[in-house]
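In: Just a sequence and a predicted model for now, questions to come.
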Amino acid sequence: MDTHPPPGEPERSASSELAADFLEVLGSRGGKLFALAEAEAIEWRDEAGLLLGTGPVFQDDRPEAPLVVVARQGNREDRVRVRARNVFASQLVDADGPQVVAALRDDGTVVTWGGGAGHPALLPAELGARLTGVRTLCSTAMAFAALKHDGSVVVWGDAAFGGVPSEEAAARLTHGVTKVTSNRSAFAALMDDGSVVTWGKAASGGDSHAVAGKLTSGVERIQGCWNFFIAFKKG
């Protein structure tokens with residue numbers, strides 16, 4: 001049984017969440033997926049167990065939904081859960097010009113487009129080449145912040161809209177961040193110790209020194225509004 005992708009098909013992993021003994025799934029969500037296994041039977045199912053297809057090749061028409069691939073060989077059975085396409089699109093609200101969109105791909109990398117050449121919110125090539133392991137994206141009107149799985153944050157865009165964090169903020173964004181929230185002109189990061197880091201336009205909450213004593217611990221959630229933030233604390 002030939003289970004190898006034909007020439008021209010992508011050789012990228014389809015983001016299997018569980019390691020398998022003799023089954024590997026390759027391909028790109030939204031296209032053809034390939035189950036590489038010497039197996040008597042291969043099944044493609046949804047999370048509820050509904051059979052979607054059989055055989056080593058599967059046309060993925062629902063990339064937004066997880067898949068379960070089952071391979072059987074004799075008394076052996078192997079399962080791989082292929083996660084949904086992990087794409088988060090964030091659109092810039094740039095009233096004075098074209099908008100920029102950033103998408104987080106299922107391999108943890110980021111791509112941006114739109115805005116025209118030289119738009120500050122387009123991901124610089126030198127930064128994009130090393131920007132990996134991204135978990136979520138959020139944006140202001142002219143900047144993006146990427147939260148990585150290691151708890152660090154990478155920011156780019158117009159400095160007036162949070163695209164360049166202050167030295168104080170940048171020093172704290174290297175680790176320990178659990179969530180990043182934004183409003184139109186500033187960002188706020190919730191840290192794993194319950195404290196908050198802000199940067200961006202001061203009048204929009206980017207400068208939180210006036211309430212710094214209340215943001216050192218106990219914060220559970222941050223809500224971004226048009227030009228301010230709300231921090232929800234325990235109790």
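Out: Structure received. Note that the structure is predicted; figures quoted are calculated from it, not measured. Numbers count the residues shown, from 1 in each chain.

In: So residue 79: helix, strand or coil?
Out: Using DSSP: H, G, I helix; E, B strand; the rest coil, the structure places residue 79 in strand.

In: who does it bridge with?
Out: Listed beta-bridge partners, residue 79: residue 70 (assigned using DSSP bridges).

In: And for this structure, the residue most distant from the center?
Out: The centre of the chain is farthest from one residue, residue 74, which by C-alpha atoms, centre = their mean lies 39.0 Å away.

In: Is residue 23 in contact with residue 41, as I believe?
Out: No: using C-beta atoms under 8 Å, residue 23 is not in contact with residue 41, being 11.6 Å away. Just so you know, the C-beta spots here come from the backbone N, C-alpha and C atoms, and that holds for glycine as well.

In: what's the overlap in contacts for the two?
Out: residue 71 (C-beta atoms under 8 Å, 6 or more residues apart in numbering).

In: ok, these two, which is more surrounded?
Out: Per other C-beta atoms under 10 Å, whichever of residue 23 and residue 41 has more neighbours is residue 23, with 24 against 12.

In: Who are the contact partners of that one?
Out: By C-beta under 8 Å, 6+ apart, the contact list for residue 23 reads 35-37, 39, 69, 71, 78-80.

In: rerun at 10 Å
Out: Counting by C-beta atoms under 10 Å, 6 or more residues apart in numbering, residue 23 touches 16, 35-39, 42, 69-73, 76-80.

In: Buried subset of those residues as a ChimeraX selection?
Out: Per 16 or more other C-beta atoms under 10 Å, the buried members of those correspond to this ChimeraX selection:
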select :16,35,36,37,39,42,69,70,71,72,78,80
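
In: Least confident secondary structure element in the chain?
Out: Using mean pLDDT, DSSP states H and E, strand 89-91 stands out as the lowest-scoring helix or strand of the chain, at a mean of 48.

In: tell me the average confidence for the next helix or strand after that one?
Out: Next helix or strand after strand 89-91 toward the C-terminus (DSSP states H and E): strand 100-104. The average pLDDT for strand 100-104 rounds to 83.

In: Now do strand 100-104: which elements does it pack against?
Out: strand 89-91, strand 110-114, strand 134-139, strand 143-148, strand 153-157 (3 or more C-beta pairs under 10 Å, 6 or more residues apart in numbering; DSSP states H and E).

In: roughly how far out does the third one sit from the chain middle?
Out: Centroid separation for strand 134-139 versus its chain: 5 Å, with C-alpha atoms, centre = their mean, to the nearest Å.

In: I'd like to know which elements that strand is packed against.
Out: strand 89-91, strand 100-104, strand 110-114, strand 143-148, strand 153-157, strand 177-182, strand 186-191.

In: so where's the protein uncertain?
Out: Low-confidence segments of the chain (pLDDT under 70): 1-22, 85-97.

In: In it, which helix is the longest?
Out: Taking DSSP state H as the criterion, the chain has its longest helix at helix 167-172.

In: Just the CA trace of that one, in CSV.
Out: Taking Å, rounded to 0.1, in the frame of the first residue of the first chain, the C-alpha atoms of helix 167-172 are listed here in CSV:
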residue,chain,number,x,y,z
GLU,A,167,12.3,49.4,28.5
GLU,A,168,10.5,48.6,31.8
ALA,A,169,7.8,46.7,30.1
ALA,A,170,10.1,44.9,27.7
ALA,A,171,12.2,43.6,30.6
ARG,A,172,9.1,41.9,32.1
